[in-house]
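Trainee: Got a predicted structure here, sequence first:
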Amino acid sequence: MKRLTREWIDKAEGDWDSAGLLFRARKRPNYDSACFHAQQCSEKYLKARLVEAGIYFSKTHNLIALLSLVVAIEPSWSALQPHLQRLNVYGIDYRYPGSNASKPDAKAAIQDCREVRRAVRQAFGLKA
């Protein structure tokens, strides 16, 4: 595994941990941030796979755009599209006033992220 790939994976895992902590916080859970970190985790995992394959990607938070690049090397990942589509909105909209995530939103975002995380980690031979 390339060093830069490992860095992307480490960053993705940081977002995975943050999403869970923010969701489960007893005092002041932050569902907006839990959703954002679930989106970020998925984004960074997709970017890790692209880096490992030597596929260039532009600076983007659009998970569907990243998936369109990844499916060339991981065709089965097209099944992740519904998860990524739902997560896509949390990359920008929920970071600003006007949109608020509920507890069910955050729970669903973490579940969607879990599916993406599982697929990517399996492709790298890592424990889910």
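Mentor: Done, it's in.
Trainee: contacts and neighbour counts: CA atoms only from here.
Mentor: OK.
Trainee: mind listing the strands for this protein?
Mentor: Read by DSSP state E, the chain holds no strands at all.
Trainee: residue at max distance from the center of this structure?
Mentor: Largest separation from the mean C-alpha position in the chain: K27, at 24.9 Å (Cα atoms, centre = their mean).
Trainee: what sits against the closest residue in space to E52 that isn't next to it in sequence?
Mentor: Distances taken as Cα to Cα, 6 or more residues apart in numbering put T5 closest to E52, at 5.7 Å, once the chain neighbours are dropped. With contact taken as Cα atoms under 8 Å, 6 or more residues apart in numbering, T5 is in contact with 48-49, 51-52.
Trainee: Neighbour-wise, give me the winner out of those.
Mentor: Within the contacts of T5, most neighbours by other Cα atoms under 10 Å means A48, with 24 neighbours.
Trainee: how about that residue, what does it touch?
Mentor: 4-6, 8-9.
Trainee: And the helices in this protein?
Mentor: 3-24, 31-53, 63-70, 81-88, 103-123 (DSSP state H).
Trainee: how about those in a markdown table, adding mean pLDDT?
Mentor: A markdown table is the format used below for these (pLDDT from 0 to 100):
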| stretch | mean pLDDT |
| --- | --- |
| helix 3-24 | 98 |
| helix 31-53 | 98 |
| helix 63-70 | 98 |
| helix 81-88 | 97 |
| helix 103-123 | 97 |
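Trainee: can you list those in a markdown table and add distance to Y96?
Mentor: Listed next are these as a markdown table, based on distance: least, Cα to Cα, whole Å:
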| stretch | distance to Y96 |
| --- | --- |
| helix 3-24 | 17 |
| helix 31-53 | 9 |
| helix 63-70 | 19 |
| helix 81-88 | 15 |
| helix 103-123 | 16 |
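Trainee: out of those helices, nearest to R95?
Mentor: helix 31-53 (7.0 Å; Cα to Cα).
Trainee: list the buried ones in the closest one?
Mentor: Neighbour-count burial for helix 31-53, with 16 or more other Cα atoms under 10 Å as criterion, is recorded at 31-52.
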